[in-house]
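[1] kindly generate the corresponding structure for this input.
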Amino acid sequence: EWKGWMQYMFLLYHYYHAEEVYNSIRIMITCYVWMTGFGNFSFFYLKADYSLIRVIQMLWRLNFLVLFLCLTQGTSYILYYICLLHTFFFFLVYAAMAICRGVNYSKYGIRLKLAIVALLIFLVWDVDLGLFEGMFGLFLGQTPHPGATSGNLYEWYFRSTLD
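    Just a heads-up that it's a prediction; the model follows:
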C-alpha cells in the first residue's frame, strides 16, 4: 500500500512540476528502491530460486512497459531511471545471493556477503578510483541528448548516487 501512495506522489510531482517537494520525492524513491531490493532479498533467502526463468520474469516485469514506451515514443531509457535502478539492484541482489549460496543461511556468511556488497558499493560510487567509469562507461555514452543533457554516464551516476 505504501508503494502505491509513493507512485501516486511521483505522478503528481512530475505532472505538476512541484519542485517544493523535491527532497521528499527523493526520499520516497530511495525507500521504494530499498523496499524492492529487500523484497528480492527475501525472495532469494526464502525460496532460493536462482533460475533463468526467475531472472527473465523479473526483467519482463521491470522493463516491458518502459521498453514499449521507448520504442513507441522515441524516448531514451535513462528517462525512466527508476526502472533502471530497480533492474540494476535486482542484479546486485541476485549476484550477492547466488554467489556462494551455501553461506546464505549461516550466521556470519550472509553478514559477510552483505558487508562485501556494501564495500563494493562504497568503492564504486564514493571513492574516485575510476571504477564507476570503468564499469558503466563501456556501454553508457557521454553524448548529450534529451533527458540526459550531460550524457547517459553522468545521468546514471547522478541517479544511482542520489537514490
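[2] tell me which stretches of this protein form helices.
    For the chain, applying DSSP state H gives helices covering 2-16, 22-47, 52-73, 81-98, 109-125, 131-136, 152-162.
[3] tell me what angle the second one forms with helix 81-98.
    With axes from the mean of the first three to the mean of the last three C-alpha atoms, to 10 degrees applied, the angle from helix 22-47 to helix 81-98 works out at 30 degrees.
[4] just list what helix 22-47 packs against, helices and strands only.
    Contacting helix 22-47 under the criterion 3 or more C-beta pairs under 8 Å, 6 or more residues apart in numbering; DSSP states H and E are the following elements: helix 2-16, helix 81-98. Using the backbone N, CA and C atoms, a C-beta is placed for each residue, glycine as well.
[5] now, of these, which is deepest in the fold?
    Between these, the one whose residues have the most neighbours on average, counting mean count of other C-beta atoms under 10 Å, is helix 81-98 (a mean of 18).
[6] hey, C-alpha coordinates of it in PDB?
    Output of helix 81-98 as PDB, limited to C-alpha atoms (Å, rounded to 0.1, in the frame of the first residue of the first chain):
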ATOM      1  CA  TYR A  81      15.700   5.900 -14.400                       C
ATOM      2  CA  ILE A  82      13.600   4.300 -11.700                       C
ATOM      3  CA  CYS A  83      13.200   1.100 -13.700                       C
ATOM      4  CA  LEU A  84      17.000   1.200 -14.400                       C
ATOM      5  CA  LEU A  85      17.600   1.500 -10.700                       C
ATOM      6  CA  HIS A  86      15.300  -1.400  -9.900                       C
ATOM      7  CA  THR A  87      16.900  -3.600 -12.600                       C
ATOM      8  CA  PHE A  88      20.400  -2.800 -11.500                       C
ATOM      9  CA  PHE A  89      19.700  -3.500  -7.900                       C
ATOM     10  CA  PHE A  90      17.800  -6.700  -8.800                       C
ATOM     11  CA  PHE A  91      21.000  -7.900 -10.500                       C
ATOM     12  CA  LEU A  92      23.100  -6.800  -7.500                       C
ATOM     13  CA  VAL A  93      20.900  -8.700  -5.000                       C
ATOM     14  CA  TYR A  94      20.700 -11.700  -7.400                       C
ATOM     15  CA  ALA A  95      24.500 -11.800  -7.600                       C
ATOM     16  CA  ALA A  96      25.000 -11.400  -3.900                       C
ATOM     17  CA  MET A  97      22.600 -14.200  -3.100                       C
ATOM     18  CA  ALA A  98      23.600 -16.600  -5.900                       C
END
